[in-house]
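Trainee: predicted model and sequence follow; I will ask about them next.
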Amino acid sequence: MDNVQNAMPLLGDKMPEFTIQTTHGIKSFPKDYNGKWIVLFSHPGDFTPVCTTEFVAFAKREAEFKKLNAELVGLSIDQVFSHIKWVGWIEEKLNVKIPFPIIADDTGNIAKKLGMLHPGKGEKDSYDWWFVYKSL
């Protein structure tokens, strides 16, 4: 994967192809979600109150997304072991299971590929995006 900063995707743009580590193992995008909508949302860091609230809200509505043929996928710059600890903490403390994978974008390459990083800000300041792609 290159380190080129791409522009923000526009309506009708295809999702860039990439293979990445997630909390559910290695995933190939968009291939692993062929024929489905992908709701990709990001957050700046694990264990933060706002990000936890967003993930819990998505988890509680996962069945509604599935009815719409949509798969949820989270993303952040944290490493997969941090995501796994955070998901465990959410389940233990809030009694909510996070059923969707979380991408470990610890190099920031996926965020760059998707045009998510603001050139004038640090990587943690730029991670708060939502994308919807149709995988064909």
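Mentor: Nice, I can see it. Residues are numbered from 1 along each chain as shown.

Trainee: all helices for the protein, in order.
Mentor: For the chain, the helices defined by DSSP state H cover 49-60, 62-67, 80-94, 109-113, 123-126.

Trainee: I'd like to know how many residues surround the residue lying closest to N69 once chain neighbours are set aside.
Mentor: Leaving aside its chain neighbours, N69 sits nearest to K36 (5.3 Å; criterion: CB to CB, 6 or more residues apart in numbering). All C-beta atoms are positioned from the backbone trio N, CA, C, and that covers glycine. Other residues lying near K36 total 18 when counted by other CB atoms under 10 Å.

Trainee: quick one: K36 and M15, what's the gap?
Mentor: Distance of K36 to M15, given as CB to CB, to the nearest Å: 11 Å.

Trainee: shaky segments in the chain?
Mentor: 1-6, 118-136 (pLDDT under 70).

Trainee: alpha carbons only: can I get stretch 53-70 in CSV?
Mentor: Extracted in CSV, the C-alpha atoms of stretch 53-70 (Å, rounded to 0.1, in the frame of the first residue of the first chain):
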residue,chain,number,x,y,z
THR,A,53,-20.7,5.6,22.8
GLU,A,54,-20.6,5.5,19.0
PHE,A,55,-19.5,1.9,18.9
VAL,A,56,-22.1,0.8,21.4
ALA,A,57,-24.8,2.6,19.4
PHE,A,58,-23.7,0.9,16.2
ALA,A,59,-23.5,-2.5,17.9
LYS,A,60,-27.1,-2.1,19.3
ARG,A,61,-28.3,-1.4,15.8
GLU,A,62,-26.3,-4.0,13.9
ALA,A,63,-29.4,-6.1,13.1
GLU,A,64,-31.1,-3.1,11.5
PHE,A,65,-28.0,-2.6,9.2
LYS,A,66,-28.0,-6.3,8.3
LYS,A,67,-31.6,-6.1,7.2
LEU,A,68,-30.4,-3.4,4.8
ASN,A,69,-27.7,-5.7,3.5
ALA,A,70,-25.1,-3.4,5.2
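
Trainee: cheers, nothing more for now.
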